[in-house]
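[1] Starting from these lines, generate the structure:
(one chain, ligands or ions: 1)
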Amino acid sequence: MTVESEIILEANQVSLRDSLGLTEILKKISFQIKSRDRVVIIGASGSGKTSLLRLLNRLVEATTGTLFFYRQPYTKIPVFNLRKQVVLVPQEPKFLGMTVKETLAYPLSLQQLPQSEIKACITTYCEQLHLPESWYDKTELQLSLGQRQLVTITRGLMMQPKVLLLDEPTSALDIGIATRVIDVLKAQGITVLMVNHQLDLAEKFCDRVFYLQQGELIKDVSNVNLNWQQLKEELITSEQEMEQEWT
Ligand SMILES: Nc1ncnc2c1ncn2[C@@H]1O[C@H](COP(=O)(O)OP(=O)(O)OP(=O)(O)O)[C@@H](O)[C@H]1O
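    Reported below is the predicted structural model:
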């Protein structure tokens, strides 16, 4: 087996209920993620996209079913080790009172990397993503949502994870910066699962689509079978149906 076809993540009949056990948020989801897969998760609002990423980052626990990381059940892996390798970039990043530079350095200092290496890493990745030095001493209150997103994407990449989970990472970025982010992700050959409503952008980057509907994974399509136009139309219809249900 080549490294490219190695299975990194696996979900086997995974379900998730809310904390009160009243609602089934994700229903018997199964999939395998191989090295270098670039998956976009789509679906109408409330279909479970963010919940799936949170589950994969172990911010919530599966109610039934099993998740595996390199064939090891999630429950057997210390959370800190898992989160070092399966990194989540949330939609609304928080810096917990730290400056940009401290935020970028934090995960690497937890791994006890020498300061000189951390500094070099920050410089390299900030240059690649065009994150200006003038932001280094700013706090989250001094940055826009898009700027904060760029900082947390940079931090996620700096951790060189096995899998990067991105929750609408480019929703507040202008198209030029968003495209640059996508180009860098592509160049790094990183394995990615991203929630993204901007399907035109996802089309440039992703080679696999997970389609969620009311917590069910109703489609898992890759490469040759991908018809982006059809998916866009289906998604619009699904979103309209969901809106009608709400009103
Ligand atoms: N902690 C929770 N407790 C109860 N219900 C929850 C919780 N988290 C999510 N949900 C419910 O689970 C469903 C899926 O939510 P989720 O945020 O995963 O959807 P989504 O597809 O990411 O939506 P959007 O596109 O609007 O961000 C929603 O109906 C939501 O109300």
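[2] next helix or strand past the strand or helix carrying residue 81?
    Assigned by DSSP states H and E, residue 81 belongs to helix 79-85. Next along the chain after helix 79-85, taking DSSP H and E as the criterion, comes strand 86-89.
[3] Please list the outside residues in contact with the next helix or strand after that next one.
    Next helix or strand after strand 86-89 toward the C-terminus (DSSP H and E): helix 100-110. Applying Cβ atoms under 8 Å, 6 or more residues apart in numbering, the external contacts of helix 100-110 come out as 84, 95-96, 98, 115, 117-118, 121-122, 125-126, 131, 135-139, 143, 151-152, 154-155, 158-159. C-betas here are computed from N, CA, C, even on glycine.
[4] Is the worst-scoring helix or strand of the chain on mean pLDDT positioned near the ligand?
    Every helix and strand of the chain was ranked by mean pLDDT, DSSP states H and E. The lowest is helix 228-246, at a mean of 82. No: taking Cβ under 6 Å from any ligand atom as the criterion, helix 228-246 and the ligand are apart, separated by no less than 9.2 Å.
[5] Can I get that helix as PDB, trimmed to CA atoms?
    Extracted in PDB, the C-alpha atoms of helix 228-246 (Å, rounded to 0.1, in the frame of the first residue of the first chain):
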ATOM      1  CA  TRP A 228     -20.400  20.400  -9.300                       C
ATOM      2  CA  GLN A 229     -23.200  22.100 -11.200                       C
ATOM      3  CA  GLN A 230     -25.700  19.500 -10.100                       C
ATOM      4  CA  LEU A 231     -24.500  19.600  -6.500                       C
ATOM      5  CA  LYS A 232     -24.900  23.400  -6.500                       C
ATOM      6  CA  GLU A 233     -28.500  23.100  -7.800                       C
ATOM      7  CA  GLU A 234     -29.300  20.300  -5.300                       C
ATOM      8  CA  LEU A 235     -27.900  22.400  -2.400                       C
ATOM      9  CA  ILE A 236     -30.000  25.500  -3.400                       C
ATOM     10  CA  THR A 237     -33.100  23.300  -3.500                       C
ATOM     11  CA  SER A 238     -32.300  21.700  -0.100                       C
ATOM     12  CA  GLU A 239     -31.600  25.100   1.500                       C
ATOM     13  CA  GLN A 240     -35.000  26.500   0.100                       C
ATOM     14  CA  GLU A 241     -36.800  23.400   1.500                       C
ATOM     15  CA  MET A 242     -35.100  23.900   4.900                       C
ATOM     16  CA  GLU A 243     -36.100  27.600   4.900                       C
ATOM     17  CA  GLN A 244     -39.700  26.700   4.200                       C
ATOM     18  CA  GLU A 245     -39.700  24.200   7.000                       C
ATOM     19  CA  TRP A 246     -38.500  27.000   9.400                       C
END
